[in-house]
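# Have a look; sequence and predicted model below, questions after that.
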Amino acid sequence: MLVQYAMMWHITLETKSGVAMGIAMCCSFVPLIFVAGPAGVIADRYDRRIVMAVADASVAVSTLLIMLAFMFGFESLWLMYLVLALRTFGGGFQRPALNALVAQFVPPKSLIRYNGISGTIQASSEILGPALGGAVLAVAPITYIFAIDIVTAIIGIAMLLIGVKVPRHKRLSQGESFLGEFKVGIRYLLGHKMLTRIIIFYAILTFGAAGQMTLPDLRVARMFDETWRLSMLGVAFGVGLAIGGLIVAAKALFKSAVTSCTVACIVLGVCTLASGLSSNYWVIVAAMAISGLSTAFFNAPAISLIQEKTDNAQLGRVMSVFSMVAGIAVPLATMLLGFASDIVASSTTLICCGIFTLIAAVFMRADPVLRKY
């Protein structure tokens, strides 16, 4: 997370270009499209702890390579794009394995509480990542951030392999090859109406939410050109995400997971409108904080619902499709928004994204299949 923020800020501050940011976001998501199939099968076929450890190690190696390149004076924008893609490639194997691993030992009724706590932990990195990234970039080269990431990756891998003990999960054996097993997972997903619907709406809502996740950074960079202001946006989002995660872990505000997701999307749409309509920096910061809160109320119920309703032997493949959808929706939306923000005001683009998100939320709530959940 620290490296991700540092690299995105470096690109934003050096280029101040929506297209450059769009390319960076594509590098952060497009590889998920290509890795999703084999990643899901591997997560269902092998020890999920080992899969996560190998994936994290590959990400650390890519960070080491760019650190050495920068140390020897080879600083290239395209090299940063390449490393962002390699890090995403490794993360594409890690995420399905992690979400499937959790469902092996967390009781179904406790999944939403776990995902709330997980959101709070993620928020801690959202808070510390921007703060540390901004602080280090202000006083030292970006190579220091690369070094910190490598050290923390080594510690995390050691803790995973030594401290986490989980029984071997059962695996369905209909497909003998990687492609065959992936097809089994796709057939399972298509045969489950609720899972299919929630992934489709996730793609639609991700397309709309991409504006609030990326354009405020670009807008603030163009208005102020100060690193600390970008850092504050990330901190605000992380604080909101942390508070939201704690609330979800303590008590679900809605009995229906879909109702929680719908309300979260409405709030996110309103925040996106606020970021576009207001030119006051602190209003944008507040909108980012509330966006973080709403994200927690969407992610925890949605992921918990998928984990609870999916056969654990298929869960890696289902979660990999979830990642694949994000890998398509996020870069496509970001590229389009990046081009749009170089043609029209970013505020106008944000307003359009907010309206789109609100409309999508209404359709999600009205869906006859999802209303049962």
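Nice, thanks for sending it over. Computed from a predicted structure; not experimentally measured. Numbers count the residues shown, from 1 in each chain.
# remind me which residues of the stretch 51-200 of the chain are low pLDDT?
For the stretch 51-200 of the chain, applying pLDDT under 70 flags the ranges 122-123, 125-135, 137-138, 167-176.
# Could you find the closest non-adjacent residue to residue 358?
Nearest residue to residue 358 in three dimensions, chain neighbours excluded: residue 269, at 3.8 Å (CB to CB, 6 or more residues apart in numbering). Yep, even glycine has a C-beta here, placed from its N, CA and C like the rest.
# actually residue 36, not the one I wrote
Using CB to CB, 6+ apart, the nearest residue to residue 36 is residue 324, at 3.5 Å.
# Who are the contact partners of the one you found?
Going by CB atoms under 8 Å, 6 or more residues apart in numbering, residue 324 touches 32-33, 36-37.
# Which one of those is nearest to residue 218?
residue 32 (22.5 Å; CB to CB).
# hang on, the closest one packs against residue 92?
Yes. Using CB atoms under 8 Å, residue 32 is in contact with residue 92, at 4.8 Å.
# For residue 269, see how far away residue 262 is.
Going from residue 262 to residue 269 by CB to CB, to the nearest Å gives 11 Å.
# I should have written residue 36 there, sorry.
If you go by CB to CB, the gap between residue 36 and residue 269 works out to 28 Å.
# just the strands in the stretch 1-150 of the chain please.
With DSSP state E, counting those that start in this stretch as the criterion, the stretch 1-150 of the chain has no strands.
# Report the separation between the most centrally placed residue in the chain and residue 199.
Centroid-nearest residue in the chain, with CA atoms, centre = their mean: residue 326, separated by 8.2 Å. In this view, residue 326 and residue 199 are 10 Å apart by CB to CB.
# Please apply the same query to residue 279.
Noted for residue 279: a distance of 37 Å to residue 199, by CB to CB.
# Have a look at those two and say which one is more surrounded.
Counted by other CB atoms under 10 Å, residue 279 and residue 199 do not tie: residue 199 has more neighbours, with 19 against 10.
# now that one, nearest residue through space, not along the chain?
residue 325 (5.6 Å).
# Quick check: which element contains that neighbour?
helix 312-343 (DSSP states H and E).
# Let me see the ranges of the helices in the protein.
With DSSP state H as the criterion, the chain has helices at 2-15, 18-27, 31-45, 48-71, 77-105, 111-139, 143-163, 178-190, 193-224, 227-250, 257-277, 281-309, 312-343, 346-366.
# can you redo the ones you listed as a markdown table with distance to residue 373?
Shown next, in a markdown table, are these (distance: least, CB to CB, whole Å):
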| stretch | distance to residue 373 |
| --- | --- |
| helix 2-15 | 32 |
| helix 18-27 | 31 |
| helix 31-45 | 23 |
| helix 48-71 | 26 |
| helix 77-105 | 17 |
| helix 111-139 | 12 |
| helix 143-163 | 32 |
| helix 178-190 | 16 |
| helix 193-224 | 6 |
| helix 227-250 | 16 |
| helix 257-277 | 5 |
| helix 281-309 | 6 |
| helix 312-343 | 16 |
| helix 346-366 | 11 |
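# What about residue 195, how many residues nearby?
Residue 195: 20 surrounding residues under other CB under 10 Å.
# That one: what's it in contact with?
189, 306, 309-310, 318.
# Buried ones among those residues?
For the contacts of residue 195, a neighbour count by 16 or more other CB atoms under 10 Å gives the buried set as 189, 306, 310, 318.
# So, low pLDDT: which residues of the stretch 201-350 of the chain?
Using pLDDT under 70, the stretch 201-350 of the chain drops low at 225-227, 252-254, 327.
# In terms of residue numbering, what are the domains of this protein?
1-175, 177-372 (the TED database).
# returning to that earlier point: just give me the closest of the buried ones among the contacts of residue 195 to residue 113.
Relative to residue 113, the closest of the buried ones among the contacts of residue 195 is residue 306; by CB to CB it sits at 15.8 Å.
# ok, the closest one - contacts?
Residue 306 neighbours (CB under 8 Å, 6+ apart): 195, 198, 318-319, 322.
# what about 7 Å?
195, 198, 318, 322 (CB atoms under 7 Å, 6 or more residues apart in numbering).
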